[in-house]
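# Mind looking at a prediction? Sequence and model below.
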Amino acid sequence: MDHENYDWLRSEFYEKRCNAASKALRKREFDARIFKNKEEVINAVLETIPQGSSIGAGGSVTLREIGILERLEERGDELVYHRPEMDARESLAARKLAIASDFFLTSSMKAPVN
């Protein structure tokens, strides 16, 4: 029995969900954006956030995987985020500082990194 490829349907489903979530976040004054690949993300972040800013980040695996946190640190931004190796006290302190940063980065779901 041939199995039909439903990638197009899955892609369409996720695109609609992302668009709806992004629209809802923008209504609440979030700068929510959807990107097709990591290069788009990296370029948008580097263009949007002024160099030298303080930047908080959530526990996003996607942000770590695409390398944006390292890129921001390399250009001299102050990055604040909790790391797995931190103990509970350090992690809580980092989270409090992160939400008070000039900018806060997060992602809504794990996306394919290409």
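Yep, that arrived.
# Not including adjacent chain positions, what is the nearest residue to residue 58?
residue 106 (3.9 Å; C-beta to C-beta, 6 or more residues apart in numbering). For glycine as for every other residue, the C-beta is placed from the backbone atoms N, C-alpha and C.
# That neighbour: neighbour count?
By other C-beta atoms under 10 Å, 14 other residues sit near residue 106.
# That one and residue 63 touch, don't they?
Yes. Residue 106 is within contact range of residue 63, at 7.5 Å (criterion: C-beta atoms under 8 Å).
# list residues touching both of these two?
residue 57 (C-beta atoms under 8 Å, 6 or more residues apart in numbering).
# hmm, back to that, mind listing what the residue nearest to residue 58 touches?
57, 58, 60, 63.
# And for residue 60, nearest residue in space, chain neighbours not counted?
residue 107 (4.4 Å).
# so when I look at the one you found, I'm seeing a helix, right?
No. Residue 107 is assigned coil when assessed by DSSP: H, G, I helix; E, B strand; the rest coil, not a helix.
# Now do it against residue 96, distance only.
21 Å (C-beta to C-beta, to the nearest Å).
# neighbour-wise, which of those two wins?
Neighbours were tallied for residue 107 and for residue 96 using other C-beta under 10 Å; the higher tally belongs to residue 107 (19 against 12).
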